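Enquirer: what's the 3D shape of this:
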Amino acid sequence: MNTYTDFTERTIEYNRLLSDFKQLLKANGLKFTIQREVILEMLYNSDEHLTPEGLHHLIQQKHPELGTGIATVYRTLSLLEDSDMVTSLSFGAQGKKYELGAKDHHDHIICTQCGSITEFVDDEIELRQKKIAEELGFIMQEHSMQIYGICKSCQENPKK
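Expert: Predicted coordinates for the structure are as follows:
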């Protein structure tokens, strides 16, 4: 049976996430700043997978008074990714898109034409992956599945 989850629901409260983030910054000898908090908050509240540039643009639109630089966005995302607070999907030369890591496990379907990303959970796929690992004598610690193809919208409206 397939389960489709509403991934806009967070599995961690923001205040706990913020507390963990402050500890992470302190452990890395970095100061807690409003710019860094806004980066975390934007990721927390986003229903999209964001590029660093897209996140920077969003911050500039909503909080231009902060003057958050793109370098701060990149450094903060790198720190968050290294600590598993955010995860990324790599698009080769096109870069990465990030999402908050505090969501339940899910997989991705990615359109190679428009770049749209759809998240899904399929219990049968999850069970099959575990069974394959067991059959091969492999202890699975984590996994990521990404399916690449052309979404329905791009199929119906091909670019000329």
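Enquirer: make it CA atoms for all contacts and neighbour counts henceforth
Expert: Noted.
Enquirer: now the residue nearest to the spatial centre of the chain: which helix or strand?
Expert: Most central residue of the chain, judged by C-alpha distance to the mean C-alpha position with CA atoms, centre = their mean, is Glu99 at 1.7 Å. The secondary structure element spanning Glu99 is strand 96-100 (assigned by DSSP states H and E).
Enquirer: same deal with Ile139?
Expert: Taking DSSP H and E as the criterion, Ile139 maps to no regular element, lying outside all helices and strands.
Enquirer: how near is it to Ile132?
Expert: To Ile132, Ile139 is 10 Å away according to CA to CA, to the nearest Å.
Enquirer: check Cys114 too.
Expert: Counting by CA to CA, the gap between Cys114 and Ile132 amounts to 32 Å.
Enquirer: buried stuff in stretch 22-42?
Expert: By neighbour count, and taking 16 or more other CA atoms under 10 Å as the criterion, the buried residues in stretch 22-42 are Lys22, Leu24, Leu25, Gln35, Arg36, Val38, Ile39, Leu40, Met42.
Enquirer: make a markdown table from these and add secondary structure and pLDDT to it.
Expert: Below are the buried residues of stretch 22-42 laid out as a markdown table (DSSP: H, G, I helix; E, B strand; the rest coil; pLDDT from 0 to 100):
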| residue | secondary structure | pLDDT |
| --- | --- | --- |
| Lys22 | helix | 94 |
| Leu24 | helix | 93 |
| Leu25 | helix | 94 |
| Gln35 | helix | 95 |
| Arg36 | helix | 95 |
| Val38 | helix | 95 |
| Ile39 | helix | 96 |
| Leu40 | helix | 94 |
| Met42 | helix | 93 |
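Enquirer: distance to Met85 added to the residues you listed, as TSV?
Expert: As requested, those are arranged in TSV below (distance: CA to CA, whole Å):
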residue	distance to Met85
Lys22	12
Leu24	10
Leu25	12
Gln35	17
Arg36	13
Val38	15
Ile39	12
Leu40	9
Met42	13
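Enquirer: good, wrapping up.
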